[in-house]
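[1] Quick one, structure for this:
(one chain, ligands or ions: 1)
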Amino acid sequence: TAIHDLSIQRGEGGELHQVAEGDTPTTTTAFGTPVSDDQNSLKIGRRGPTLMEDFHFRDKMFHFDHERIPERVVHARGYGAHGYFENYESLADITRADLFQRPGERTQLFVRFSTVVGNKGSFDLARDVRGFAVKMYTKEGNWDLVGNNIPVFFIQDAVRFPDLVHSIKQEPDRAFPQATAAHDNFWDFISLMPESMHMIMWVMSDRAIPRSFRFMQGFGVHTFRFVNAKGKSTFVKFHWKPKLGLQSVVWNEAVKINGADPDFHRRDLWNAIKSGNFPEWELHVQLFDQEFADSFDFDVLDPTKIIPEEVLPTRPIGRMVLDRMPDNFFMDTEQVAFMTQNVPPGIDFSNDPLLQGRNFSYLDTQLKRLGSTNFSHLPVNALKCPMHHFQQDGHMAFRNPVGRANYQPNSWGEGPRESPERGHVAYPEDIEGQKLRVRPESFADHYSQARQFYISQTETEQNHIIGALTFEISKVETPAIRIRMVSHLLNIDEEMARKVATKLGIKEMPAPADAAVPTRMDLQPSPALSILRN
Ligand code: HEM
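    A predicted model of the protein is given here:
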């Protein structure tokens, strides 16, 4: 950035004033009044006191005092970029979603990568899940694919989410640790939550310390639906695959990088995009029908399970390029509001109980964080397609309906009307049953896929998992929790469990944890799950 020589003058007290001249704009208050002196508040006499009449000082300080908004309740630390999605082909036969109709067509988008646990000012290379949230500005409304860099999740039902997040964040009495899961509360919760074992294998693997955002995969996690113009539904799982491939650092490197440069991932993305080295991901889908879903070993509604790519290959449908950093971090990256319930016609939800709960949570949290029902008017959230409705007023309303009619039906011939043909239609799935608080039996096997992940790793990667488990669980002060964790590991891989137990100094091996369903032995290693083989 060039250094400008602005005219500098000295005031009576020796203070410096940079004074506008030539093309330099004159400073104004937020209300537009030109400012004569931005270095001295208005006082009585030369030595004060300061006057309440000083509207410039009041305005400047008032705005500063209100700069902070609540940080995200999770994923507080993030970094975003603008870019576009480009179709390889038309998907008209499987979805009516407008953005997927025409080969070569581009859709503008904004992506925010994040860590989950740490506060806004924490470090980039924490061992953690990374958020991978994409907002596509389609011609039929925004589509938010709010994913992670790990294809499964800790819990099967959204009602457990507050407990999960409370357990993983800093402990409430001591307010530490601030950005890691290495503490009693977290491992206590996990050891009481067998459904989290598959996720734990991923989080203890190299995936959780990516080299940069540019070398990570992204996953929609849940099963979604595509619906075509004839109303036919196809289940879909979304995968982002980085063109650069997958890379991670090792723990030793992560620790040093965090100390030397806590902004390592931010700097990497900034430097890459600013130097024209635009990162790219391919969007892949796994497509299947109800018959496959019914025949599959696990429940496709269970977010703790993947469909192995060896069983159902992924199909590339387009690419995403990130080519522009926001002009202002707060305006875009902080104010972007992702919501899983933002889907255009042609994309629909499955009954995954985690997804159903998320669809409720995000709207609620955005109102709390951004403070007004009109957060969709903020530039980064605003639609890039026409919008017509009768919603009005509230704090900060920029886009009220115009004209006399703000209701319908009306006799004035004004305003929008619903359209059964063009509107989003929920897939009319046949559902009947009692209202129950139960978990289906098809969700009960918590260990098979954890084992499949572990045995799919190379020996080096397995050693990293053992090292990570040992390091993290060694921070747990309560012996019973350590032992409980080992009892779960025994159900995943006995040799791994023994190695971790030995390193933790556990002399007497516990019995394997009570497993609701015996682990299925027939799962083969899946090369796609290893970073080093890819
Ligand atoms: C952020 C809720 C599960 C991905 C958030 C936020 C909330 C939330 C409240 C903060 C949003 C904000 O203030 O902007 C939930 C609930 C979940 C859940 C209730 C389960 C019941 C998941 C899962 C994924 C995920 C399974 C990945 C598939 C994300 C991402 C963000 C986020 C990427 C950050 C968005 C951004 O960058 O602004 N979630 N979440 N969440 N969540 Fe979830």
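[2] which ones are touching the closest residue to G220 other than its chain neighbours?
    If you skip the residues right next to it in sequence, G220 has F238 as its closest partner in space, 3.4 Å away by CB to CB, 6 or more residues apart in numbering. Any C-beta I mention is one placed from the backbone N, CA and C, and that applies to glycine too. Contacts for F238 were tallied using CB atoms under 8 Å, 6 or more residues apart in numbering; they are L145, G147, F219, G220, F224, L283, H284, V285.
[3] Report the beta-bridge partners for F238.
    Here F238 sits in beta bridges with V285, as judged by DSSP bridges.
[4] ok, so what distance separates the residue nearest in space to the middle of the chain from the ligand?
    With distances taken as CA atoms, centre = their mean, G131 lies nearest the centre of the chain, 3.2 Å away. G131 sits 3 Å away from the ligand when distances are taken as CB to the nearest ligand atom, to the nearest Å.
[5] in its sheet, what does the helix or strand that contains that residue sit against?
    Secondary structure assigned from DSSP states H and E places G131 in strand 130-138. Strand 130-138 has the following strand partners under DSSP bridges: strand 106-115 (antiparallel), strand 141-148 (antiparallel).
[6] Excluding sequence neighbours, find me the nearest residue to E309.
    Spatial nearest neighbour of E309, excluding adjacent residues (CB to CB, 6+ apart): A528 at 4.4 Å.
[7] circling back to that earlier point, burial measure for the residue lying closest to the residue nearest to the centre of the chain once chain neighbours are set aside, as a count.
    With sequence-adjacent residues excluded and distances taken as CB to CB, 6+ apart, G131 is closest to S114, at 3.7 Å. S114 has 25 neighbouring residues, counting by other CB atoms under 10 Å.
[8] contacting residues for S114?
    By CB under 8 Å, 6+ apart, the contact list for S114 reads R72, H75, A76, R77, G78, Y79, R130, G131, A133.
[9] and M136, how far is that from R369?
    21 Å (CB to CB, to the nearest Å).
[10] can you check R399 too?
    R399 sits 20 Å away from R369, going by CB to CB.
[11] repeat for D128
    When distance is defined by CB to CB, D128 is 20 Å away from R369.
[12] Can you check the pLDDT for the closest residue to R127 other than its chain neighbours?
    Counting by CB to CB, 6+ apart, the nearest residue to R127 once its immediate chain neighbours are dropped is A208, at 4.8 Å. If you check A208, the pLDDT there is 98.
[13] One more: N534?
    At N534 the predicted local confidence, pLDDT, stands at 71.
[14] Can you say which helix or strand has the closest residue to it other than its chain neighbours in it?
    Distance criterion CB to CB, 6+ apart; nearest residue to N534, sequence neighbours excluded, is L246 at 5.5 Å. With elements delineated by DSSP H and E, L246 resides in a region that no helix or strand encompasses.
[15] residues near L246, how many?
    For L246, the neighbour count with other CB under 10 Å is 19.
[16] try H395
    For H395, the count of nearby residues is 10 (other CB under 10 Å).
[17] would you list every one of the helices in the stretch 251-400 of the chain?
    251-260, 264-274, 290-295, 329, 353-370 (DSSP state H, counting those that start in this stretch).
[18] Tell me the first helix or strand C-terminal of the lowest-mean-pLDDT helix or strand in the chain.
    Taking mean pLDDT, DSSP states H and E as the measure, strand 7-10 is the helix or strand of the chain with the lowest mean score, a mean of 88. Next helix or strand after strand 7-10 toward the C-terminus (DSSP H and E): strand 16-19.
[19] can you list the residues of this protein near the ligand?
    Proximity of the chain to the ligand, by CB under 6 Å from any ligand atom, involves residues 72-75, 78, 112, 114, 131, 133, 146-148, 153, 158, 161, 221, 336-338, 354, 357-358, 361, 365-366, 369.
[20] Can you measure across stretch 277-296, start residue to end residue?
    When the termini of stretch 277-296 are compared using CA to CA, to the nearest Å, they are 41 Å apart.
[21] Quickly note the distance from E418 to A426.
    The spacing between E418 and A426, counted by CB to CB, is 14 Å.
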